[in-house]
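J.: Got a predicted structure plus its sequence, pasted below:
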Number of protein chains: 2
Amino acid sequence: MVRNEDTVPMRRPDPDPAPDPDSPEGRGGAAAVLPAGPPVTGRTPLDRRRILGAAIEFIDRNGLSALTMRRLGASLGVEAMALYRYVPGREQLLDGVVETVIDELYGDPDVHMRAAGGWQDFLQRLAHGVRRIALAHPEVFPLVATRPPAAPWVRPPLRSLRWVESLLTALIDSGFSADAAVAAYRAYSSFLLGHLLLEVSQKGVQISPEDAPEGVPDTGTDLSQYPLVVELEELLSRDESAAEFEEALENLLGRLEGVRREGRVPGE
Amino acid sequence: MVRNEDTVPMRRPDPDPAPDPDSPEGRGGAAAVLPAGPPVTGRTPLDRRRILGAAIEFIDRNGLSALTMRRLGASLGVEAMALYRYVPGREQLLDGVVETVIDELYGDPDVHMRAAGGWQDFLQRLAHGVRRIALAHPEVFPLVATRPPAAPWVRPPLRSLRWVESLLTALIDSGFSADAAVAAYRAYSSFLLGHLLLEVSQKGVQISPEDAPEGVPDTGTDLSQYPLVVELEELLSRDESAAEFEEALENLLGRLEGVRREGRVPGE
DNA sequence: CGCGAGGGTTTACGGCGTAAACGACCGGGC
DNA sequence: GCCCGGTCGTTTACGCCGTAAACCCTCGCG
């Protein structure tokens, strides 16, 4: 743990003779398996934002199930208990992770909060922004998708009141009735959820087998009972996510445009 | 392997004087919070199916996060370690839960494995079957949705090779090209995933607040910055899931019918 | 009658989340 | 100069978790 900001020359007499910054974290070999990058660059003094950022990076790198308070602390050069000064507990930490991840939308220059270019443009940009986030954090996205929402009107994956407000405003300003706007919000959410969750879970499976680079391929399961699956295996494994996303999104928008023009809610 | 035909009348001398099936399980009050039903009816002798069934029931009742090997064992009147004779570990137990839950489709009289009534009928029945399962096990469904698939061509929520084979067969027999069938499979999966996950997560939030029956409603968060959300709160909280599911499903089928007739794959 | 094996229990270990007590350092009043 | 409360991180401790290993009954069978 590099501790050299010459403006803050010493940090503590450090009575223990061997605190050894690159602590192998006791036993278990866990530390060896979880690299955690360089031992922190500049000795920043720990706050909530830094913790959430580290948590996201940790999950991206090692998977959600590897995230523990102790390991997250270690990745910040700190004991687990130090985190509790900024975060009430692990569950709330995960809530914060979800919130932080979707808040990345605010930093996306291609996504606007107001529907300057019309509602279709708005929904297009937003959808692609969410997709970018999902692909950037495939290990986090399932969390975004499944964490129980705080209120019935906050639906994954767009779990931010501000975005919900933006979206509804855009629709209603564009001539959607209240009913139609709400129905559109729901259809849009479900579209994003389904497509992106499918996409990241597929991405996960392409990586996660994680070893066995054997010449004999795929003797895992017996496929002899599923001839069509075998025949189409090539096609089934192909990844057309981007095109399919675009196509389905456009279809959805087209459908919603019909709803808007006719002023009816889709289900009746 | 039921072996208690009255030929095996007694259970065991039971040297311990107080095995008490409704074990309060030490401290922590956890046991009080987890009823676990009657202390097991007939002393059935434990096998994999029974374990998986108990696990599903446990999750349905207490939520996924409450499921531990010890508690699951207790709900079966057995020590945790006894489970390991039938299940390699907790992860595989969860895999088994997922598999068992979607295998409930085989017992659904309204769902057929072959497309006797045409592919649209087939997909309709299948979709509603999956929806019934999702609604019957809302706490399990997120597991179905997010557990990493075993292979790239098995996509949630229909994570069974047999159903994939059925589905592809139905489509191809009905005149879909190979490409179109695979694309349809993907669109269908993503539709089910999105709709059902949204639906069960919403169902969760309606129940889970779990207390606070106070007269003053909903002072949880400040909504003053989100006037549209406030205005539409009533609409947003309304649950039109069934109609929306039906509508979206029909739209999807209609879209796929176009694809089928024109022999093109949707994205190009 | 003995004995091997199947099926459940006991014991044990390291890791987890986290409550509570405990320093070490710091800036500000005297 | 000195003390003193406050901030921030550490130590210690507890109960629960998943699970490896050893153990022990009881039974069916020779």
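T.: Structure received. Numbers count the residues shown, from 1 in each chain, chains lettered A, B, ... in the order given.
J.: hey, let's count contacts and neighbours off CA atoms from now on
T.: OK.
J.: Heading C-terminal from the least confident helix or strand in chain A by mean pLDDT, find the next helix or strand.
T.: When each helix and strand of chain A is scored by mean pLDDT, DSSP states H and E, helix A:30-33 comes last, with a mean of 36. For helix A:30-33, the following helix or strand on the C-terminal side (DSSP states H and E) is helix A:48-62.
J.: can I get the CA coordinates of the one helix or strand A:Leu143 maps to in PDB?
T.: Assigned by DSSP H and E, A:Leu143 falls within helix A:141-146. Below are the C-alpha coordinates for helix A:141-146, written out as PDB (Å, rounded to 0.1, in the frame of the first residue of the first chain):
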ATOM      1  CA  PHE A 141     -26.600  -6.200 -14.600                       C
ATOM      2  CA  PRO A 142     -28.400  -9.200 -13.100                       C
ATOM      3  CA  LEU A 143     -28.400  -7.300  -9.900                       C
ATOM      4  CA  VAL A 144     -30.000  -4.300 -11.700                       C
ATOM      5  CA  ALA A 145     -32.500  -6.600 -13.100                       C
ATOM      6  CA  THR A 146     -33.500  -8.600 -10.000                       C
END
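J.: I'd like the next helix or strand past that helix.
T.: Helix A:141-146 is succeeded, C-terminally, by helix A:161-173 (DSSP H and E).
J.: for the stretch 151-268 of chain A, what spans make up the helices?
T.: A:161-173, A:178-207, A:227-231, A:233-237, A:241-262 (DSSP state H, counting those that start in this stretch).
J.: how many degrees apart are the longest one and helix A:161-173 in direction?
T.: If I follow you right, that is helix A:178-207. Angle between the axes of helix A:178-207 and helix A:161-173 is 130 degrees (criterion: axes from the mean of the first three to the mean of the last three C-alpha atoms, to 10 degrees).
J.: Give the other helices and strands that helix A:178-207 contacts.
T.: Under the contact definition 3 or more C-alpha pairs under 8 Å, 6 or more residues apart in numbering or on different chains; DSSP states H and E, helix A:178-207 sits against helix A:119-136, helix A:141-146, helix A:161-173, helix A:241-262, helix B:178-207, helix B:233-237.
J.: Can you check what angle separates it from helix A:119-136?
T.: Going by the same axes, to 10 degrees, helix A:178-207 makes 30 degrees with helix A:119-136.
J.: For helix A:178-207, the averaged confidence score.
T.: In this model, helix A:178-207 has an average pLDDT of 92.
J.: again, but for the fourth one
T.: For helix A:233-237, the per-residue pLDDT values average out at 91.
J.: touching chain B at all, that helix?
T.: Yes. Using C-alpha under 8 Å from any C-alpha of the partner chain, helix A:233-237 comes into contact with chain B via A:233, A:235-237.
J.: Who are the packing partners of the helix holding A:Leu143?
T.: Right, helix A:141-146 is packed against helix A:178-207 by 3+ C-alpha pairs under 8 Å, 6+ apart.
J.: pLDDT wise, what is the closest residue to A:Gln206 other than its chain neighbours at?
T.: Using C-alpha to C-alpha, 6 or more residues apart in numbering or on different chains and skipping the chain neighbours, the partner closest in space to A:Gln206 is B:Pro152 (6.7 Å). Confidence at B:Pro152, expressed as pLDDT, is 87.
J.: returning to that earlier point: how about the helices of the stretch 151-268 of chain A, which one is nearest B:His128?
T.: helix A:178-207 (16.6 Å; C-alpha to C-alpha).
J.: still on that earlier bit, nearest to DNA strand D, out of the helices of the stretch 151-268 of chain A?
T.: DNA strand D lies closest, by C-alpha to the nearest atom of the strand, to one member of the helices of the stretch 151-268 of chain A: helix A:178-207, at 20.5 Å.
J.: how much does the closest one deviate in direction from helix A:241-262?
T.: 170 degrees.
J.: buried residues in helix A:178-207?
T.: A:178-205 (16 or more other C-alpha atoms under 10 Å in any protein chain shown).
J.: and what of stretch A:77-86?
T.: Those would be A:77, A:80, A:83, for stretch A:77-86 by 16+ other C-alpha under 10 Å.
J.: could these go into JSON lines alongside pLDDT and distance to chain B?
T.: JSON lines is the format used below for these (pLDDT from 0 to 100; distance: C-alpha to the nearest C-alpha, whole Å):
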{"residue": "A:Gly77", "pLDDT": "95", "distance to chain B": "29"}
{"residue": "A:Ala80", "pLDDT": "97", "distance to chain B": "22"}
{"residue": "A:Leu83", "pLDDT": "98", "distance to chain B": "22"}
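J.: Now that A:His112 has come up, it's in contact with A:Arg125, right?
T.: Yes. If you go by C-alpha atoms under 8 Å, A:His112 and A:Arg125 touch, sitting 7.4 Å apart.
J.: can you pull the pLDDT of A:Glu210?
T.: 54.
J.: now the end-to-end length of stretch A:64-78.
T.: With C-alpha to C-alpha, to the nearest Å applied, stretch A:64-78 spans 20 Å between its terminal residues.
J.: Out of the buried residues of stretch A:77-86, which sit inside helices?
T.: Counting by DSSP state H, these place A:80, A:83 in helices.
J.: closest to A:Arg71 among the buried residues of stretch A:77-86?
T.: Nearest member of the buried residues of stretch A:77-86 to A:Arg71, counting by C-alpha to C-alpha, is A:Ala80, at 7.4 Å.
J.: quick one, what contacts that closest one?
T.: A:69-74 (C-alpha atoms under 8 Å, 6 or more residues apart in numbering or on different chains).
J.: Any figure for the gap between it and A:Ala74?
T.: In terms of C-alpha to C-alpha, A:Ala80 sits 7 Å off from A:Ala74.
J.: How confident was the prediction at A:Arg3?
T.: 38.
J.: Repeat that for the one 3 residues further on.
T.: In this prediction, A:Asp6 carries a pLDDT score of 34.
J.: backbone phi and psi for A:Gly63, please?
T.: phi 90, psi 150 (degrees, to the nearest 10).
J.: Hmm, A:Pro156 and A:Val144 touching each other?
T.: Yes. Judged on C-alpha under 8 Å, A:Val144 makes contact with A:Pro156 at a distance of 6.6 Å.
J.: now stretch A:135-147, how far from the centre of its chain.
T.: 4 Å (C-alpha atoms, centre = their mean, to the nearest Å).
J.: which residues does the closest residue to A:Leu228 other than its chain neighbours contact?
T.: Residue nearest to A:Leu228 in three dimensions, not counting chain neighbours: B:Glu165, with 6.1 Å by C-alpha to C-alpha, 6+ apart. Going by C-alpha under 8 Å, 6+ apart, B:Glu165 touches A:226-229.
J.: what do you get for A:Met81?
T.: A:69-70, A:73.
J.: repeat that for 7 Å
T.: Neighbour list for A:Met81: empty [criterion: C-alpha atoms under 7 Å, 6 or more residues apart in numbering or on different chains].
J.: Could you count how many residues lie near the nearest residue to A:Gly204 once chain neighbours are set aside?
T.: Counting by C-alpha to C-alpha, 6+ apart, A:Gly204 lies nearest to B:Pro148, which is 6.7 Å off, once chain neighbours are set aside. For B:Pro148, the neighbour count with other C-alpha atoms under 10 Å in any protein chain shown is 21.
J.: So B:Pro148 is in contact with A:Ser201, correct?
T.: Yes. With contact defined as C-alpha atoms under 7 Å, B:Pro148 and A:Ser201 form a contacting pair (5.8 Å).
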